[in-house]
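> Here is a sequence with its predicted model. Questions after.
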Amino acid sequence: MQATDLDARASAPARTLARSDYKTLGLAALGGALEFYDFIIFVFFAPAIGQLFFPAAIPDWLRQLQTFGIFAAGYLARPLGGIVMAHFGDLLGRKRMFTLSVLLMALPTLAMGCLPTYATIGALAPVLLLALRVLQGAAVGGEVPGAWVFVSEHVPRRHTGYACGTLTAGLTFGILLGSLIAAAVNHRFAPTEIASYAWRIPFLIGGVFGLFSVYLRRWLHETPVFAEMQARKSLADEIPLKAVLRDHGRAVIVSMLLTWMLSAAIVVVILMTPPLLQKQFHLDATTSLLANCVATVFLTIGCISAGALADRFGARRVLSIGGIALAISYYTLFRQMSVDSSMLMPLYAVAGLLVGTIGAVPFVLVNAFPPVVRFSGISFSYNVAYAVFGGLTPIVVALLMKSQPLAPTYYVAAICVLGALTTLFFKDPVRGD
């Protein structure tokens with residue numbers, strides 16, 4: 001499985017990354033970090049949001065369920081938003097959709113920070129919150145695949161892995177930024193102040209920075225690949241997604257399976273592990289969250305490293321070796337924690353670094369589809385798979401833990417093995433520019 005590029009880079013003399021390439025990578029990664037921050041900041045203030053946007057008389061479990069239901073709605077909206085934006089990205093241009101995705105994230109986030117609560121407008125409050133969350137989901141559904149396509153079509157082909165890994169590192173840095181901002185707000189303000197007004201601060205910050213990212217992306221240029229297709233009049237002459245499903249079924253399946261590996265690594269190892277450590281090994285929240293921050297820092301480093309290694313050695317080796325190493329390191333973390341918690345920081349840091357193996361996944365995805373339907377192919381495969389597998393993973397792990405305390409490690413190991421097997425069904429592109 002290997003797509004054929006139509007761009008002039010294939011025959012152009014080999015070149016190194018230029019200053020303009022680093023500028024493009026920097027602006028794209030910054031925008032992606034801020035957009036992911038906007039998308040996940042909701043979960044850090046879910047308790048306060050639940051108290052403010054639902055009736056005080058309902059049971060706590062129902063309030064929590066409704067709050068996280070609204071959070072989950074963002075994930076469910078990702079496929080639709082991503083497919084629609086990718087459709088126009090393949091027909092009208094990468095840059096337009098790349099900029100629109102940030103705007104569609106910034107405005108709802110800013111609006112969330114100004115939204116009246118249930119005490120002010122009643123049942124309309126959670127309805128508006130849900131609508132804004134759906135817009136956020138649609139935006140991030142277009143941002144992630146759009147960003148991978150954008151940077152991969154700007155840089156020399158032999159640096160595609162590095163570009164995609166750097167962009168993915170920017171997205172994961174958004175998670176770290178959200179955690180740090182949430183920690184700062186909780187440290188600076190008392191619980192009553194957070195419930196009164198301080199919960200709005202992270203949303204307002206995210207909205208303002210998002211609008212700033214829209215401004216910065218004005219300086220980006222359309223990708224050479226899309227400009228070449230426009231000049232040749234070789235854009236899709238039918239609905240791009242139709243061509244993807246008809247002609248690129250194998251690429252879709254491979255992309256979905258690797259996205260499953262990506263979602264398992266992020267959801268379980270990064271997002272679920274802190275509460276699991278608190279519940280299973282009775283660690284305090286401060287220690288587990290600090291360890292999580294360290295792991296996320298190493299994750300960003302790992303993403304860039306994995307992308308660069310994919311350029312040099314191929315994604316098949318990086319994903320198979322890195323995936324198996326991740327499974328071993330995560331299992332070691334849990335086994336050691338059952339005996340002694342003093343090794344938490346270094347072991348979680350190693351696991352976080354190896355989660356960075358996912359930085360090689362977009363390298364495979366951008367090479368799996370030809371340029372004419374690349375945006376649509378990646379967007380459909382990635383967003384549908386992430387909505388299904390990312391949404392089901394916490395439920396599956398929680399159910400398995402009822403009978404097996406090490407279920408999270410077994411789940412990650414099983415999906416990493418599946419990812420390693422999936423590498424047998426694609427070929428790395430021939431090295432060159």
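That came in fine, so what should we check first? Residues are numbered from 1 along each chain as shown.
> So the protein: which segments form each domain?
For the chain, the structural domains run 21-235, 239-433, going by automatic domain parsing.
> ok, so what distance separates the spatially most central residue of the chain from Tyr386?
By CA atoms, centre = their mean, the chain has its centre lying nearest to Leu171, at 5.8 Å. To Tyr386, Leu171 is 12 Å away according to CB to CB, to the nearest Å. Yep, even glycine has a C-beta here, placed from its N, CA and C like the rest.
> circling back to that earlier point, isn't the residue nearest to the centre of the chain right up against Val144?
Yes. In terms of CB atoms under 8 Å, Leu171 counts as a neighbour of Val144; the distance is 6.7 Å.
> Give me the buried positions along stretch 179-197.
179, 181-182, 185, 189, 194-195 (16 or more other CB atoms under 10 Å).
> burial count for Asp21?
18 (other CB atoms under 10 Å).
> any low-confidence regions in this protein?
Within the chain, the stretches with pLDDT under 70 are 1-15, 230, 232-237, 430-433.
> and Val244, what does it touch?
By CB atoms under 8 Å, 6 or more residues apart in numbering, the contact set of Val244 is 252, 369, 373, 376-377, 380.
> so of these, which ones are in helices?
Those of the contacts of Val244 mapping onto helices are 252, 376-377, 380, per DSSP state H.
> Among these, give me the pair with the biggest separation.
Val252 and Ser376 (10.5 Å; CB to CB).
> okay, these two: which has more neighbours?
Using other CB under 10 Å, the more surrounded residue of Val252 and Ser376 is Ser376, with 31 against 19.
> how about the nearest residue to the more buried one once chain neighbours are set aside, what does it touch?
Of all residues not flanking Ser376 in the chain, Pro240 sits nearest, at 3.8 Å (CB to CB, 6 or more residues apart in numbering). Going by CB under 8 Å, 6+ apart, Pro240 touches 86-87, 90-91, 372-373, 375-377.
> Any chance of JSON lines for the ones in helices among the contacts of Val244, columns distance to Leu30?
Below are the ones in helices among the contacts of Val244 laid out as JSON lines (distance: CB to CB, whole Å):
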{"residue": "Val252", "distance to Leu30": "30"}
{"residue": "Ser376", "distance to Leu30": "26"}
{"residue": "Gly377", "distance to Leu30": "26"}
{"residue": "Phe380", "distance to Leu30": "26"}
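> Looking at the residues you listed, spot the one nearest Ile58.
Nearest member of the ones in helices among the contacts of Val244 to Ile58, counting by CB to CB, is Phe380, at 37.8 Å.
> Now for the closest one, how many residues are close by?
For Phe380, using other CB under 10 Å, the count is 26.
> now do Tyr410
Residues near Tyr410, counting by other CB under 10 Å: 16.
> coming back round to it: most widely separated two among the contacts of Pro240?
The most distant members of these, if one measures by CB to CB, are Leu91 and Gly377, lying 13.9 Å apart.
> who has more neighbours, the two?
Shown here are Leu91 and Gly377; by other CB under 10 Å, Gly377 has more neighbours (30 against 17).
> Identify the residue spatially nearest to that one, adjacent ones excluded.
Nearest one to Gly377, counting by CB to CB, 6+ apart, is Phe369 at 3.5 Å.
> buried residues in whichever strand or helix holds Met105?
According to DSSP states H and E, Met105 maps onto helix 94-114. Residues of helix 94-114 classed as buried: 94-95, 97-102, 104-113 (neighbour count, 16+ other CB under 10 Å).
> State the next helix or strand along the chain beyond that helix.
helix 118-121.
> Quick check: next helix or strand after that following helix?
That would be, after helix 118-121 and using DSSP H and E, helix 124-152.
> same for the helix holding Met105, what does it pack against?
helix 19-44, helix 78-92, helix 124-152, helix 200-216 (3 or more CB pairs under 8 Å, 6 or more residues apart in numbering; DSSP states H and E).
> Which one of those lies nearest to Val412?
helix 19-44 (20.3 Å).
> what helices or strands is that closest one leaning on?
For helix 19-44, the packing partners by 3+ CB pairs under 8 Å, 6+ apart are helix 60-76, helix 94-114, helix 124-152, helix 160-188, helix 200-216.
> which of those helices is buried the deepest?
helix 124-152 (a mean of 24; mean count of other CB atoms under 10 Å).
> what's the angle between it and helix 78-92?
Between the axes of helix 124-152 and helix 78-92, defined by axes from the mean of the first three to the mean of the last three CA atoms, to 10 degrees, the angle is 40 degrees.
> Without its sequence neighbours, what residue ends up closest to Ala183?
In space, Ala183 is closest to Leu289, 7.0 Å off (CB to CB, 6+ apart).
> The one you found and Thr273 touch, don't they?
No. Taking contacts as CB under 8 Å, Leu289 lies outside contact range of Thr273: 10.4 Å.
> Between these two, tell me which one has more neighbours.
Neighbour count, other CB under 10 Å: between Leu289 and Thr273, Thr273 has more, with 24 against 18.
> who's in contact with the more buried one?
288, 292, 295, 348, 408.
> most neighbours, which of those residues?
Tyr348 (28 neighbours).
> ok, it touching Ala291?
Yes. Between Tyr348 and Ala291 there is a contact under CB under 8 Å: 4.6 Å.
> How about Leu80: what's its closest non-neighbour residue?
Ala138 (6.5 Å).
> The one you found and Leu100, how far apart?
10 Å.
> go on, Arg133?
Taking CB to CB, one finds Arg133 at 18 Å from Leu100.
> Just give the number of residues close to Thr117.
Thr117: 16 surrounding residues under other CB under 10 Å.
> what does Leu399 give?
10.
> What helix or strand is it located in?
helix 391-401.
> Show me which positions of that helix end up buried.
393, 397, 401.
> before we move on, the earlier item: of the ones in helices among the contacts of Val244, just say which sits nearest to Ala227.
Ser376 (18.3 Å).
> Is it correct that the closest one is in contact with Met85?
No. Shown here, Ser376 and Met85 do not form a contact pair, counting by CB under 8 Å, at 9.6 Å.
> For Phe98, see how far away Gly113 is.
Gly113 is 24 Å from Phe98, by CB to CB.
> go on, Ala368?
Counting by CB to CB, the gap from Ala368 to Phe98 is 20 Å.
> Equivalent analysis for Tyr197, please.
On the measure of CB to CB, Tyr197 and Phe98 end up 34 Å apart.
> again, but for Leu299
Counting by CB to CB, the gap from Leu299 to Phe98 is 24 Å.
> returning to what we had before: got any residues that touch both of Leu171 and Val144?
Counting by CB under 8 Å, 6+ apart, the contacts common to Leu171 and Val144 are Gly32.
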